[in-house]
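Enquirer: I would like to see how this sequence folds:
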Amino acid sequence: MNIDNVDEVLDEIAEANEQAQQINDALAMPTGLGAQMDESELNDELEMLGQEDLDAELLEPASVPKTRVEGTKMPSAPTRPVANKTPEELELEALQAEMAS
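Expert: Take a look at the predicted model:
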């Protein structure tokens, strides 16, 4: 091996190191969707999607049981008017009757 060969070998090694560095840089660069969005944008989008799912769930009608529970009876509606009126209600009725005449 002579000096010319040593310089040539050192140049090849330097070139190989430069190529390896370029490959490492290329592999370290984010690609696809990750290259275009930062983490805060991704978190915002995730939160928005979660809110859409929650909205869809809340807008769905509640399920109604298909079987009737025996032994439960609804109270009957009153058939006569309730007699206990407050003084304010009585005064309002009197004013309405006075204005109607």
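Enquirer: going by C-alpha atoms from here, please, whenever you check contacts or count neighbours.
Expert: Fine.
Enquirer: and residue 79, its phi and psi?
Expert: phi -100, psi -20 (degrees, to the nearest 10).
Enquirer: how far is stretch 52-66 from where the chain is centred?
Expert: 15 Å (CA atoms, centre = their mean, to the nearest Å).
Enquirer: between the two ends of it, how far is it?
Expert: 29 Å (CA to CA, to the nearest Å).
Enquirer: and stretch 83-92, by the same measure?
Expert: First residue to last in stretch 83-92 (CA to CA) measures 15 Å.
Enquirer: quick one: mean pLDDT for it?
Expert: Across stretch 83-92, pLDDT averages out at 87.
Enquirer: tell me which residues in it are buried?
Expert: The neighbour-count check on stretch 83-92 (16 or more other CA atoms under 10 Å) flags nothing as buried.
Enquirer: so what pLDDT did residue 47 get?
Expert: 93.
Enquirer: name the helix or strand for it, please.
Expert: helix 39-59 (DSSP states H and E).
Enquirer: elements contacting that helix?
Expert: Using 3 or more CA pairs under 8 Å, 6 or more residues apart in numbering; DSSP states H and E, no helix or strand is in contact with helix 39-59.
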